[in-house]
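Engineer: return atomic coordinates for the entry below.
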Amino acid sequence: MLTLDDLQSDWLAPRREEDFALPTITNLRGMVQAAWDVAGVRNWIVPPTGLATPTAWLYERRGERSRRLDGPVRFRWKVYEIEREADGVRTVTRLAPDGALVQRIEFARAGRFQLGIGGLARTWQFTDYWNLVPEDVPDLGVACDGERVVLTDVKTFGRADFVLPGSVRVFRDVAAWLEGRDPVERGGVAIAEFEARAGDVVTWTAAQGTQERIDVPDARAGWESAREEWETTWRDAFRPGNASFGGHLPYLRGPLERLYAMSVLTLLLCRRTIPAPTARSGIATGGQCIWNFGGAPTPSSSTRASGGGPPLGRAYVWGGPEGAPTTLFLWELEFQAPLLARLDPAVLRDLLEAMLRVDLARHWGVETLTGRGAGMAYGVNPGAILSCFADYVRITGDRAFALRHVEALRGFARPGLTDCGTYENVLECVPSYEHTLAAFNALNAKGLRFLGELTGDSALTRAGDGLARDVVGLYASGPFACVQPDGSRRVVRTVLDFNYVGLSITQDLPADVKRGMAEYFERELQTPDWLRALSPHDPDALTPSLPRFQRFRADHQATGSYDGWPARAAAVLWRFGEREKVLRWLAAIQELTREGPFGQAHFIHADGARKASFFNGNCYFESAGCGFATTLLDEVGHA
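Structural biologist: This next block holds a predicted model:
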């Protein structure tokens, strides 16, 4: 069995921040991301608080000036730590089980160094904001409290405490320090200055929260427990009768063992323990607004009006850390469900019930801290919730759970071709792909058949059969057409139709349609080690009507693909009889895990695919990458 160290990334030496996905580590309590230098961190999120902007910059005094050590930097990701090297300095950053930060700085040379600390550990309203809001107003919240540096927020109860090496002074801002201004009692940055000799190891620690007094753990204990917790989690994921999960996964060996293991690890990165809300943690901010959640929400409180329920004790979030870090999209749960049905069936049941409590006609999913609905609706929702229940029943055999919710599930039945909404409710960044789509209607057909089998209602089964025939009627010689409200057809050359049609109604596809779909996929979408979510030949491949960031998104456009799509495309090709091609392609994709876990997307460069950065539509880790494990379990097996 591969160890966590076997699954570490290669040493990565990026040339441009624009092209690099900054490594992130997570655990049950939160996450932290490396900044673009040798020591700094960003997106340190330990719900309900989060310090979004960079902190812990490392400077060196040379003569009368201090300069930041910012490159060139080499990075290496392990699930329990981030290693960096630059200019004779090596750092290792870990996240303790309680969410505390521990960083060791190792010096291969002598020098006088400074560590700069600033930012806001703020309690965020995660539901209404896609990305964490940065420091949006001046806040002189940095001060010394005995041996600690304390960061407080004047708008919420958020607080972070740092235990730093050397002597510490506080300044109005970094410019004031660099210009030699006098220190202040309360300011915007703390500077810890210390001497280091060759071979020295310096450690600093920090913790955040809403308590009146933050417990900063012993550095050694936090350091060791960060690795120990992950090693236990990894072993337990494959061990019957373990103490961490309600079930376990099989372990697949063979030539695709690393791909399978990294796919499972990608799911585990999203596993969270949800903290019990308190009166202090309920005060949240977003921009200039303040929300008081009033403690733990219940179905009888205001959450009923907003379509929610009680917070979850354990959950799997969609990903992070760059956006919506405490939320779960139903679309991501659709990818998670086949694995969770094996690994954590009780948690999957809780997540499915949480989805049913919110209004899926208005939201894409749930906010796990509060149980409230989050975001706008996606057109995939009706088919996705039925697909999740179908996977749960298929794998666990627990029909009784689905039957308890059968009336709610019937409400998601969509007989006949259905308009799935405008592009903002489909992929957001492909304006031509909207309304009556082959992909989601194929998923709806699968859902109707599931409901028919579950309830014994043959009318639902017949409706699914009829809808499948109608979906085949949208075939357009390789890709599929989407029908517009005026009845016109628009061919969009996206991988979504290939994936969802190929998997949801495989048995309904004539041989010539399968052949045409496969030829089109290999000709226009597939690359040697990845795929393009949208064909470069599609008129909307790069959409000039959208901002630059949306035009170059690697997840759904022609520059790359969302990390869930290649896994499903491989499953479709396998079902179409392309066994040897699939195995060769997955072996090439496996090599991409030398960069680290799966994220939101991979971008296609001239020399092959690489993990996309935030600048081209990627969050560092994203649960849809667990789809490779599902494909290997359900389709490929041990081949």
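
Engineer: now do the strands in the stretch 201-350 of the chain.
Structural biologist: For the stretch 201-350 of the chain, applying DSSP state E, counting those that start in this stretch gives strands covering 201-209, 271-273, 283-286, 289-292, 314-316, 319-320, 327-329.

Engineer: confidence-wise, which of these is weakest overall?
Structural biologist: For the strands of the stretch 201-350 of the chain, the weakest mean pLDDT is recorded on strand 289-292, namely a mean of 60.

Engineer: count the neighbours of residue 198 for me.
Structural biologist: By other C-beta atoms under 10 Å, 10 other residues sit near residue 198. C-betas here are computed from N, CA, C, even on glycine.

Engineer: am I right that it is in a helix?
Structural biologist: No - under DSSP: H, G, I helix; E, B strand; the rest coil, residue 198 sits outside any helix and is assigned coil.

Engineer: ok, now which ones touch it?
Structural biologist: Neighbouring residues of residue 198 by C-beta atoms under 8 Å, 6 or more residues apart in numbering: 107-110.

Engineer: by neighbours, which of those wins?
Structural biologist: Counting by other C-beta under 10 Å, residue 107 has the largest number of neighbours within the contacts of residue 198, with 18 neighbours.

Engineer: ok, back up a step: identify, from the contacts of residue 198, the entry nearest to residue 282.
Structural biologist: Among the contacts of residue 198, residue 107 lies closest to residue 282 (C-beta to C-beta), at 43.6 Å.

Engineer: gap between the closest residue to the closest one other than its chain neighbours and residue 99?
Structural biologist: Nearest non-adjacent residue to residue 107, counting by C-beta to C-beta, 6 or more residues apart in numbering: residue 196, 4.3 Å away. Here residue 196 is placed at a distance of 28 Å from residue 99 (C-beta to C-beta, to the nearest Å).

Engineer: neighbours of the residue nearest to residue 107, how many?
Structural biologist: For residue 196, the neighbour count with other C-beta under 10 Å is 22.

Engineer: wait, it touches residue 114, no?
Structural biologist: No - the criterion here is C-beta atoms under 8 Å, and residue 196 misses it with residue 114 at 11.0 Å.

Engineer: follow-up on the earlier one: what is the residue nearest to residue 107 paired to in the beta sheet?
Structural biologist: residue 111 (DSSP bridges).

Engineer: residues in contact with it?
Structural biologist: 105, 107, 110-113, 202.

Engineer: any idea how far residue 489 is from residue 520?
Structural biologist: Separation of residue 489 from residue 520 (C-beta to C-beta) stands at 17 Å.

Engineer: the two - which one has more neighbours?
Structural biologist: Taking neighbours as other C-beta under 10 Å, residue 489 and residue 520 compare with residue 520 leading, 20 against 12.

Engineer: tell me the pLDDT of that one.
Structural biologist: At residue 520, the predicted lDDT confidence score is 98.

Engineer: now do the SS call for it.
Structural biologist: Criterion first, three-state DSSP; result for residue 520: helix.

Engineer: so it sits against residue 479, correct?
Structural biologist: Yes - assessed by C-beta under 8 Å, residue 520 is found in contact with residue 479 at 6.0 Å.

Engineer: common neighbours of the two, please.
Structural biologist: By the contact definition C-beta under 8 Å, 6+ apart, residue 520 and residue 479 are jointly contacted by 493, 498.

Engineer: least confident secondary structure element in this protein?
Structural biologist: Lowest by mean pLDDT, DSSP states H and E among the helices and strands of the chain is helix 302-305, with a mean of 35.

Engineer: do you have the strands of the stretch 401-550 of the chain handy? List them.
Structural biologist: All strands of the stretch 401-550 of the chain, identified by DSSP E, counting those that start in this stretch, fall at 480-483, 489-492.

Engineer: mean pLDDT for those strands - can I get that in CSV?
Structural biologist: As requested, those are exported to CSV (pLDDT from 0 to 100):
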stretch, mean pLDDT
strand 480-483, 98
strand 489-492, 97
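
Engineer: in a markdown table: those strands, plus distance to residue 632.
Structural biologist: As requested, the strands of the stretch 401-550 of the chain are exported to a markdown table (distance: least, C-beta to C-beta, whole Å):
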| stretch | distance to residue 632 |
| --- | --- |
| strand 480-483 | 27 |
| strand 489-492 | 29 |
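
Engineer: which one of these is the most hemmed in?
Structural biologist: For the strands of the stretch 401-550 of the chain, the largest average neighbour count (mean count of other C-beta atoms under 10 Å) is found in strand 480-483, namely a mean of 23.

Engineer: and that one, what does it pack onto?
Structural biologist: Helices and strands touching strand 480-483, by 3 or more C-beta pairs under 8 Å, 6 or more residues apart in numbering; DSSP states H and E, are helix 438-455, strand 489-492.

Engineer: quick check: the gap between residue 272 and residue 319.
Structural biologist: Here the distance between residue 272 and residue 319 works out to 12 Å (C-beta to C-beta).

Engineer: got it, and residue 453?
Structural biologist: Residue 453 sits 32 Å away from residue 319, going by C-beta to C-beta.

Engineer: and the two? which has more neighbours close in?
Structural biologist: Per other C-beta under 10 Å, whichever of residue 453 and residue 319 has more neighbours is residue 319, with 32 against 16.

Engineer: that one: what's its closest spatial neighbour, skipping adjacent residues?
Structural biologist: residue 622 (3.5 Å).

Engineer: the one you found against residue 611, yeah?
Structural biologist: No - counting by C-beta under 8 Å, residue 611 is not a contact partner of residue 622; they are 10.5 Å apart.

Engineer: mutual contacts of those two, please.
Structural biologist: Joint contacts of residue 622 and residue 611 (C-beta under 8 Å, 6+ apart) are residue 599.

Engineer: list the buried residues for stretch 482-502?
Structural biologist: 482-483, 490-502 (16 or more other C-beta atoms under 10 Å).

Engineer: an error on my part: the question was meant for stretch 147-155.
Structural biologist: 148-153, 155.

Engineer: quick check: the farthest pair among the residues you listed?
Structural biologist: Greatest spacing in the buried residues of stretch 147-155, by C-beta to C-beta: 148 and 155 (21.4 Å).

Engineer: looking at the buried residues of stretch 482-502, which one is closest to residue 50?
Structural biologist: Closest to residue 50, out of all of the buried residues of stretch 482-502 and judged by C-beta to C-beta, is residue 496, at 32.2 Å.

Engineer: tell me which residues touch the residue lying closest to that closest one once chain neighbours are set aside, please.
Structural biologist: Distances taken as C-beta to C-beta, 6+ apart place residue 439 nearest to residue 496, at 4.2 Å, with adjacent residues excluded. Counting by C-beta under 8 Å, 6+ apart, residue 439 touches 380, 480, 494, 496-497, 499-501.

Engineer: from those, which two are the most distant?
Structural biologist: Longest span within those, C-beta to C-beta: 380 and 480, 15.5 Å.

Engineer: how far away is the most centrally placed residue in the chain from residue 47?
Structural biologist: Nearest residue to the geometric centre of the chain (C-alpha atoms, centre = their mean): residue 319, 1.5 Å. Residue 319 sits 14 Å away from residue 47 when distances are taken as C-beta to C-beta.
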